[in-house]
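Asks: need the 3D shape of this:
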Amino acid sequence: MTKEGLNGITMEMTEGVKNEGFQADEEEAVEGLGGLRETSSSSVVLSPNGEESAYTQIKPYAGMPKEVLLMYSNQARYRLPREILFWLLIASTLALVALTIAVIAVSPRCLSWWQSSAVYQIYPRSFKDSDSDGVGDLKGIIEKLDHFQYLNIKAIWISPFYKSPMKDFGYDVEDFEDIDPLFGTMHDFDDLLAAMHDKGLKLIMDYIPNHTSDKHEWFQLSRNRTQEYEDYYIWTNCTESAPPNNWVSIFGNSSWTYDEVRKQCYLHQFLKDQPDLNFRNPRVKEKMTEIVRFWLDKGVDGFRMDAVKHILEARHLRNEPQVDPNQPPETVDSEFELYHDYTTSQLGLHDILRDWRVEMDKYSREPGRYRYLCSPGKQTEVPLTSSLTSLPIRLSPARFMVTESYDYEEIDKTMMYYGTNNVKESDFPFNFYLIDLPDYLSGEGVYHLVNLWMTNMPRGKWPNWVVGNHDKPRISSSVGHEYTRVINMLLLTLPGTPTTYYGEEIGMENVNISVDEIQDPFGKFNPNATRDPQRSPMQWTAGEYAGFSENKTWLPIHPNYTTVNVQDQKKDNESVLVQYRTLSLLREAELPLHRGWMCFIHRDADVFAFVREMDGFPHAFLVVLNFGSDAKTDLTGVSPLPEDLTVRMGTRGRKGESIHKSKIETRRGEGLILQYSTQQRLHPHHASSCYVSEKACYLSALNILYKC
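Replies: The predicted structure follows:
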């Protein structure tokens, strides 16, 4: 569009961007053209060939209007850096997401808390007495929680403290949802659980599903044939003098007792004061599941399922076959004289346990108070409010389930408690085969007991090791105190979770109990089989009553408490206690020891030796354990081992000593952990003698673990 101006001058008018900031300059320009003044508003003008007019040469300035700013921002020198930064941000975000996914995908899972340390068993009557009545209690346990931190132990299993008539010291439960006054109150329990969790400790409770006390409300209602409770227990017709079959209880004599109120016999596979529940009744299963929920709601971290193989019995109640068919039937009065085809491991047992597993896993998925931080060197817990981050993170600690079943030679039955590839059951069943060490005390014997479990365990499962508990003699007494240290080294260097019975960390021994002093109900039936000797009070100090109590003790204390006690052993760097602690810390700190391969490499009459190694890790460990006489072991034929190895730890000192592999000398009861560096690994060419739960490799350049 054109417009005729003064003096015949033609002006080209276009629409432009109005900018009041240009007003003064425009007026001066018009005056220079003879006073020509544009009648329309000034504009930024482009010439016909697209070139910028003089008006566009002004630099950007503060306060410029949006229209001008947009004109400049579209120029290449501004637009290109902006676009480059944008796409770099997008690419970085995508790379970070991909890296996070890759790290999660290739990282092996974190070890659960029940895998990362030993499980420590407390027998509450004998651990610590806080009220001077001679019997240990819950407040006493609270007083001693620092002991577990000193030992680097995170998981504590406490034997029963339910309300009970104490006919079997708590395994006869009168009320599953109450605390026996002997041990304290429910408030004391809540305080104990809170104090443990504050210190990063986990509580495992005893759960006793097979039976109740005859004082339990359910049994009283059942014996009176109260509707709904009538078949809560196993009842059948009989007479006082003629039991319905030949079934024998664990404690000896008939498993049947005639009840005068109901005029029938009830089944008890343990004491007559412990009637068996009827798990073929759906209401019983639901009631027992409610008890599991009750304690999980309180925050309990796991359960040890007691005597699970006895939960179900055959419906037909036939006589069980005798071990000796020629034995007169009337003389059969002990469990080892019968094959228990109808009273143990019945069809349907594992369905019950798996239902409890499902219930516990519901709680495992709930948000917890703590998160796990996993790293190659250790695994710790921090509060969820912590700013620390690491991968992978488990937001809710898993609930733990371990089953107790003495299956003796029938190890295949024990392995069924692991569950299947598709259905999870217990995290592991207790492994009691090392309790037989007194009968297998040699390098070959120990190898046999360890290999028995490893070769029968389902692939990829997690093993565990037990050498003593409240039912079995203390290992220091059964094999001799000179083997205490080497046995602790065995437990804490094998793959899996060791279980330590209270006092084993200081080498406590059985105490002598006279017939008049017997407290154990089983011992009263058979004094030669009393379990009191291994239940004597914990030896804390050399003071009166061994620091267990200020007044008295429910069982005698071993006379050696003046030298075998926690207080004195803490001061001695070569004591059993300090060595146990050192082993516990070493197990956690060294990847090959807590999640690496284990390979058998040697056994003979005296020595059992194995290697712990991990792919990519800069060093490995050779563990040499002497269970016989003084010996000299030659491992020249083991090519991956270097010529010289260094003692990382020994039960008789020797730390830092250099040892040639052709001449590894050990004394009776001595154990050595030898460290070495090599790029060669044993497991690739010795699959039949090596084991790992979950393969993992170490990348030293980034200090990370990855699946391999």
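Asks: sticking with Gly140, tell me its helix or strand.
Replies: Using DSSP states H and E, the secondary-structure element containing Gly140 is helix 138-143.
Asks: and that helix, what does it pack onto?
Replies: Using 3 or more CB pairs under 8 Å, 6 or more residues apart in numbering; DSSP states H and E as the contact criterion, the elements in contact with helix 138-143 are helix 186-198. Quick note: C-beta positions are derived from backbone N, CA and C, even for glycine.
Asks: now do the buried residues in the helix it packs on.
Replies: In terms of neighbour count (16 or more other CB atoms under 10 Å), helix 186-198 has its buried residues at Asp188, Phe189, Leu192, Leu193, Met196, His197.
Asks: the closest residue to His594 other than its chain neighbours in helix, strand or coil?
Replies: Closest residue in space to His594, ignoring its immediate chain neighbours: Arg587 at 5.4 Å, by CB to CB, 6 or more residues apart in numbering. With DSSP: H, G, I helix; E, B strand; the rest coil as the basis, Arg587 sits in helix.
Asks: show me the contacts for Arg587.
Replies: The contact partners of Arg587, taken as CB atoms under 8 Å, 6 or more residues apart in numbering, are Ser117, Leu492, Thr493, Leu593, His594.
Asks: in helices, which of those fall?
Replies: With DSSP state H as the criterion, helices contain Leu492, Thr493, Leu593, His594 from among the contacts of Arg587.
Asks: dump these to a markdown table, plus pLDDT.
Replies: Written out in a markdown table, the entries for these read as follows (pLDDT from 0 to 100):
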| residue | pLDDT |
| --- | --- |
| Leu492 | 97 |
| Thr493 | 97 |
| Leu593 | 94 |
| His594 | 90 |
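Asks: for Pro160, what are its contacts?
Replies: The contact partners of Pro160, by CB under 8 Å, 6+ apart, come to Pro124, Phe169, Gly170, Tyr171, Val173, Asp206, Ile208.
Asks: of those residues, closest to Gln519?
Replies: Using CB to CB, Phe169 is the member of the contacts of Pro160 that lies nearest Gln519, at 7.9 Å.
Asks: what sits closest to the closest one if chain neighbours are left out?
Replies: Once flanking residues are discounted, Phe169 sits nearest to Arg125: 6.6 Å by CB to CB, 6+ apart.
Asks: now do the same for the one you found: helix, strand or coil?
Replies: Counting by three-state DSSP, the backbone at Arg125 sits in helix.
Asks: what's the burial count for it?
Replies: The tally of other residues near Arg125 (other CB atoms under 10 Å) stands at 25.
Asks: I'd say it and Gly134 touch.
Replies: No - here Arg125 lies out of contact with Gly134, judged by CB atoms under 8 Å, at a distance of 9.3 Å.
Asks: so what sits against both of these two?
Replies: Trp554.
Asks: any idea of the pLDDT on Asn422?
Replies: Turning to Asn422, the model gives it a pLDDT of 89.
Asks: now Gly16
Replies: Gly16 is assigned a pLDDT of 45 by the prediction.
Asks: and Thr93, by the same measure?
Replies: For Thr93, the model assigns a pLDDT of 93.
Asks: leaving out sequence neighbours, find the closest residue to Leu182.
Replies: Here the nearest residue to Leu182 in space, its sequence neighbours aside, is Val135; by CB to CB, 6+ apart that works out to 5.8 Å.
Asks: so which strand or helix has that neighbour?
Replies: Element membership for Val135 (DSSP H and E) is empty, with no helix or strand holding it.
Asks: do the same with Val402
Replies: Secondary structure (DSSP H and E) places Val402 in strand 400-403.
Asks: now the element after that strand, going C-ward?
Replies: Per DSSP H and E, strand 400-403 leads on to helix 411-415 as the next helix or strand towards the C-terminus.
Asks: which of the ones in helices among the contacts of Arg587 lies closest to Glu260?
Replies: Leu492 (53.6 Å).
Asks: leaving out the residues flanking it, which one is nearest to that closest one?
Replies: The shortest distance from Leu492 to any non-neighbouring residue, by CB to CB, 6+ apart, is to Leu583 (4.2 Å).
Asks: residues touching the residue nearest in space to the middle of the chain, list them.
Replies: Residue closest to the mean C-alpha point of the chain, counted by CA atoms, centre = their mean, is Trp114 at 1.1 Å. The neighbourhood of Trp114, defined by CB under 8 Å, 6+ apart, consists of Ala155, Lys202, Ile204, Gly302, Phe400, Val402, Asp427, Thr497.
Asks: for the first one, what are its contacts?
Replies: With contacts taken as CB under 8 Å, 6+ apart, Ala155 has the following neighbours: Trp113, Trp114, Ser117, Ala118, Val119, Tyr120, Leu201, Lys202, Ile204, Asp301, Gly302, Phe400.
Asks: tell me what it is bridged to.
Replies: The residues paired with Ala155 through beta bridges, assigned by DSSP bridges, are Val119, Lys202.
Asks: distance of it from Ala398?
Replies: Plainly put, Ala155 is 12 Å away from Ala398 if you go by CB to CB, to the nearest Å.
Asks: rewinding a little: check contacts around the residue nearest to Phe169.
Replies: Here Arg125 is in contact with Val135, Gly136, Phe169, Leu182, Arg535, Trp554 (criterion: CB under 8 Å, 6+ apart).
Asks: closest to Tyr78 out of those?
Replies: For the contacts of Arg125, the closest approach to Tyr78 (CB to CB) belongs to Gly136, at 78.7 Å.
Asks: the closest one contacts Lys128, doesn't it?
Replies: Yes - the criterion here is CB under 8 Å, and Gly136 meets it with Lys128 at 5.4 Å.
Asks: overlap in contacts of the two?
Replies: Overlap between the contact sets of Gly136 and Lys128, as judged by CB under 8 Å, 6+ apart, is given by Met538, Phe548.
Asks: so those two - more neighbours on which side?
Replies: With neighbours defined as other CB under 10 Å, Gly136 and Lys128 compare such that Gly136 has more, 29 against 23.
Asks: now the more buried one: closest residue in space, sequence neighbours ignored.
Replies: In space, not counting the residues next to it along the chain, Gly136 is nearest to Phe127; the distance is 4.4 Å by CB to CB, 6+ apart.
Asks: I'd say the one you found and Lys144 touch.
Replies: Yes - using CB under 8 Å, Phe127 is in contact with Lys144, at 7.0 Å.
Asks: of those two, give the one with the bigger neighbour count.
Replies: Neighbour tally, Phe127 and Lys144, criterion other CB under 10 Å: the higher count belongs to Phe127, 24 against 18.
Asks: before we move on, the earlier item: who are the contact partners of the residue nearest to Leu182?
Replies: Contact analysis of Val135 by CB under 8 Å, 6+ apart lists Arg125, Asp129, Leu182, Phe183, Trp554.
Asks: try 10 Å this time
Replies: 124-126, 129, 166, 182-183, 537, 548-549, 552-555 (CB atoms under 10 Å, 6 or more residues apart in numbering).
Asks: next: Asp276.
Replies: For Asp276, the contacting residues are 210-212, 233-234, 249, 255, 266-270, 310-313, 343, taking CB under 10 Å, 6+ apart as the criterion.
Asks: make it 7 Å
Replies: Asn210, His211, Tyr233, Ile234, Leu267, His268, Gln269 (CB atoms under 7 Å, 6 or more residues apart in numbering).
Asks: let me see the ranges of the helices in the stretch 201-350 of the chain.
Replies: Taking DSSP state H, counting those that start in this stretch as the criterion, the stretch 201-350 of the chain carries its helices at 217-223, 282-298, 349-364.
Asks: mind giving me the packing neighbours of the very next helix or strand once past the helix holding Gly140?
Replies: Read in the C-terminal direction, the helix or strand following helix 138-143 is helix 145-151, with elements assigned using DSSP H and E. Counting by 3 or more CB pairs under 7 Å, 6 or more residues apart in numbering; DSSP states H and E, the packing neighbours recorded for helix 145-151 are helix 576-589.
Asks: hey, C-alpha coordinates of the helix it packs on in CSV?
Replies: In CSV, the C-alpha atoms belonging to helix 576-589 read as follows (Å, rounded to 0.1, in the frame of the first residue of the first chain):
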residue,chain,number,x,y,z
VAL,A,576,36.2,-67.5,72.7
LEU,A,577,33.9,-64.5,72.9
VAL,A,578,36.3,-62.1,71.2
GLN,A,579,37.0,-64.6,68.5
TYR,A,580,33.2,-65.2,68.0
ARG,A,581,32.7,-61.4,67.5
THR,A,582,35.7,-61.2,65.1
LEU,A,583,34.2,-64.0,63.0
SER,A,584,30.8,-62.4,63.0
LEU,A,585,32.3,-59.1,61.8
LEU,A,586,34.5,-60.8,59.2
ARG,A,587,31.5,-62.7,57.8
GLU,A,588,29.6,-59.5,57.3
ALA,A,589,32.5,-57.5,55.9
